[in-house]
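Novice: Generate a structure from the sequence data that follows.
(2 chains)
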Amino acid sequence: MRHRLISMLVSAFAVAGAPTTATAAPVTFEVNLRLPPNPGPQYFSTNIIRDGIRISPNCHVDGGATGLADPALGFDSAGCGSPGGFNENFLGPAEYRAAEMTRVEPVIYVDAFGAPFALRQITIGSIPFILDTNRTSFTFNSGPTTFDFSANPVFDPITYFILRYRDSDPGAPDLGFTNLVVTLEKVPLPGSLLLTCAGLIGLAFSVRGRAKAASGTQARA
Amino acid sequence: MNLRSAVAACLSAVALMASAYSHAAPVAVDLTGLEEFSGLSNVFRSGVRISPNCNFSTDSIIDLRPPAIYFDAAGCQSELGEDGGFNRNFLGPAQYEPPTNDPVLYVDAYGAPFSLLNITIGVVPFILETSRDSITFPFSGVTSFDFSRNAAFSDITYFLVRYSGSDQGAPALGFSNVVVDLQGKISTPGTLGLLSLGALAFVTRSRIRSKRASQTQAASL
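Specialist: Predicted coordinates:
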């Protein structure tokens, strides 16, 4: 019984506590930026997870941005100073965290659950912007521009990037991005391999427990 | 052949001889075969002029996908230096006139406005200067830009690339994959112009014939 209990505990641990990342070959893909249906307003003051990428506005994210073809994500500070107008669970640096009834510089933060990733391509528009990463910062003066960083090591690897307005935002999503292509070193998965291993360990314990129980019964007999 | 027929024929001949401006699609600037140039001269390709103030080369210590063109200031202090020299027919802004330690590669469309749609630049930090704006890209690495929807790079009369820092005396900066829209200012056989002149000639001939017919009628009366 004790061994069966252990095997159950191991299985439970595997299901509940297994890491959500599994090592996989690097994979390059375009992140799906279509927002989920929202019965309320067409913006989200929450974090959004897409294809293993976390997208976190400090205020809100809009399902479109000026001058960018859909699917695109835009952002601004409209309503950010009112309750429900900002993201209480913002994932980026504390300096950009919004607090109730305070107007902040709107940003949109993107990471891969803390794992390193490479920013390969991105189209950013439509007004002057600043692109910060954990490694560098870059100011661009104008318009929708597609950047191909696939041969630029400055963006490989990074652990996050932040897009923000160079000048004050106009209260409309005049800045945003689309065509986001990244390479993930570690792909967030349900951890199938780990679960399988844990299940096998559990099974082994179970078999050993039964065998021991059977031998104990035999010895008693 | 009477005078009017001769005029019509001449018009057609002029149309054939003269190249005319017609609307053009984006043009990928042909950077192949530049090895045959000395590197100290201007190069005319695909409707644009490429002008180094110092010298250009097609070999480099960096890795742009060929065909590419590179430049540096090696030997730029003298017209015919041991390691190069400068271009005494430099076409760009006066402040970059050689001799100089600030090497640039200047591109224009014979003074006509054009749009820079795509360019790949690498590998050390650079400044991309146009007649309208200046962008400093502070990163090492090869980066491709798609400016096709960026108004700051349309209706420019020139662009030039130069080192953000000082160059090392070796061609560590250059560009490839240059796509421009010459906005109807490209010299082509001028199909529309030819059609118009052909129509003009046809109308002239018809008028001559009808006039001649009416004169013959009048004479017969």
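Novice: Local confidence estimate at the residue nearest to the spatial centre of chain A?
Specialist: The structure's chain A has its C-alpha centroid closest to residue A:54; by Cα atoms, centre = their mean the separation is 2.0 Å. According to the model's per-residue confidence, residue A:54 sits at a pLDDT of 97.
Novice: go on, the one 5 residues further on?
Specialist: Here the pLDDT value assigned to residue A:59 is 93.
Novice: check contacts around it.
Specialist: Contact partners of residue A:59, counting by Cβ atoms under 8 Å, 6 or more residues apart in numbering or on different chains, are A:45, A:75-80, A:85-87, A:98, A:104, A:106. Using the backbone N, CA and C atoms, a C-beta is placed for each residue, glycine as well.
Novice: one more time with 6 Å, if that's ok
Specialist: Neighbouring residues of residue A:59 by Cβ atoms under 6 Å, 6 or more residues apart in numbering or on different chains: A:77, A:80, A:86, A:98, A:106.
Novice: Domains in chain B, by residue range?
Specialist: Taking automatic domain parsing as the domain assignment, the ranges for chain B are B:3-19+B:191-220, B:21-188.
Novice: ugh, typo on my part, it should be chain A
Specialist: Following the assignment in automatic domain parsing, chain A carries domains at A:2-16+A:192-220, A:24-188.
Novice: Would you tell me which of these gets closest to residue B:107?
Specialist: The stretch from the domains of chain A with the least distance to residue B:107 (Cβ to Cβ) is domain A:24-188; that distance is 18.3 Å.
Novice: Phi and psi next, for residue B:96.
Specialist: Residue B:96 adopts backbone torsions of phi -100, psi 10, taken as degrees, to the nearest 10.
Novice: Which pLDDT value goes with it?
Specialist: Per-residue confidence (pLDDT) for residue B:96: 96.
Novice: list the contacts for it?
Specialist: Neighbour list for residue B:96: B:53, B:104 [criterion: Cβ under 6 Å, 6+ apart].
Novice: now it: how far from chain A?
Specialist: Spatial separation of residue B:96 from chain A under the definition Cβ to the nearest Cβ, to the nearest Å is 21 Å.
Novice: Got the confidence number for the most centrally placed residue in chain B?
Specialist: Most central in chain B under Cα atoms, centre = their mean is residue B:48, positioned 0.9 Å from the mean C-alpha point. Turning to residue B:48, the model gives it a pLDDT of 97.
Novice: Show me the beta-bridge partners of it.
Specialist: Residue B:48 has these beta-bridge partners by DSSP bridges: residue B:45.
Novice: Any stretches of chain B with poor pLDDT?
Specialist: Segments of chain B classed as low confidence (criterion: pLDDT under 70) are B:1-24, B:80-84, B:184-200, B:202, B:218-221.
Novice: one step back: so which elements touch the helix or strand containing the residue nearest to the centre of chain A?
Specialist: Element membership of residue A:54 [criterion: DSSP states H and E] is strand A:53-57. Strand A:53-57 sits against strand A:107-111, with contacts defined as 3 or more Cβ pairs under 6 Å, 6 or more residues apart in numbering or on different chains; DSSP states H and E.
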